[in-house]
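Q: generate coordinates for the sequence data below:
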Amino acid sequence: MPDIATISSIIGSVKAATDIARLLKDSNLSLEKAELKLKLADLVGALADTKLQIAEIQELLSKKDQRIFELEEAFQFKDTLIRSGDAYYDLNDSGKAVGQPYCMHCWETKHKAFHLHNEVGTTLNKVCPSCKTKYQAKQTQLLRVD
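A: Numbers count the residues shown, from 1 in each chain. Alright, predicted model coming up:
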C-alpha cells in the first residue's frame, strides 16, 4: 500500500498534468480547435476527479495510520493490566492487581484505559468518565500493595 509521501507525489504530478492540459486548452492552436479544446476539457475534468480521489485515499491512509498507532499502544498496554472483580488494574512486579480501577467496558471494547470515579452523591457506585458505565464500588475498589 502506498505511503503518504507517494500519494503526495502523485497529487503533485496530477496537478502538473492538469496545469499543462489547461495551458493547451487555452492556447490558440489551429488544428480543429473546438475538438481539441473539448478533449482537453475532458482531460482536465478527469485529472481533477483523480486529484479528489487521491486526496480521499490520503485521508483514509492517515486515519488507518492513526488507528494502527492506537492499536499498537493498546497492545503494549495489554500486558500491564489484569482483571479483578468488575475492573482492570495495573500489575505490580509480583503480578498482582494494584492501584485505581480501570473501566472494564472501555478496556474490553475500545482498548482504552479510563480510571473509574466515585459517582456524584453516593459512595455505592463508581462510574467511567468516558462511557458512563456504572459499577458497584465494592467490586471496583482501590487495591493496595501488600
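Q: the residue lying closest to residue 144 once chain neighbours are set aside: which element?
A: Nearest residue to residue 144, sequence neighbours excluded (C-beta to C-beta, 6 or more residues apart in numbering): residue 98, at 6.8 Å. Placement of C-beta: from N, CA and C, glycine included. Assigned by DSSP states H and E, residue 98 belongs to strand 97-103.
Q: go on, residue 22?
A: Using DSSP H and E, residue 22 sits in helix 4-26.
Q: buried stuff in that helix?
A: By 16 or more other C-beta atoms under 10 Å, the buried positions in helix 4-26 come out as 7, 10, 11, 14, 17, 18, 21, 25.
Q: show me what the longest helix belonging to the chain is packed against.
A: Assignment by DSSP state H gives helix 33-78 as the longest helix of the chain. Here helix 33-78 touches helix 4-26, going by 3 or more C-beta pairs under 8 Å, 6 or more residues apart in numbering; DSSP states H and E.
Q: so which elements touch the helix it packs on?
A: Helix 4-26 makes packing contacts with helix 33-78 when contacts are defined by 3+ C-beta pairs under 8 Å, 6+ apart.
Q: which other helices and strands does the helix or strand following the helix it packs on contact?
A: As assigned by DSSP H and E, the chain's next helix or strand after helix 33-78 is strand 81-84. Other helices and strands packing on strand 81-84, by 3+ C-beta pairs under 8 Å, 6+ apart, are strand 87-91, strand 97-103.
Q: gap between strand 81-84 and the chain center?
A: 26 Å (C-alpha atoms, centre = their mean, to the nearest Å).
Q: could you give the angle of the helix or strand of the chain with the lowest mean pLDDT to helix 33-78?
A: Within the chain, no helix or strand scores below helix 4-26, which has a mean of 74 by mean pLDDT, DSSP states H and E. For helix 4-26 against helix 33-78, the angle by axes from the mean of the first three to the mean of the last three C-alpha atoms, to 10 degrees is 170 degrees.
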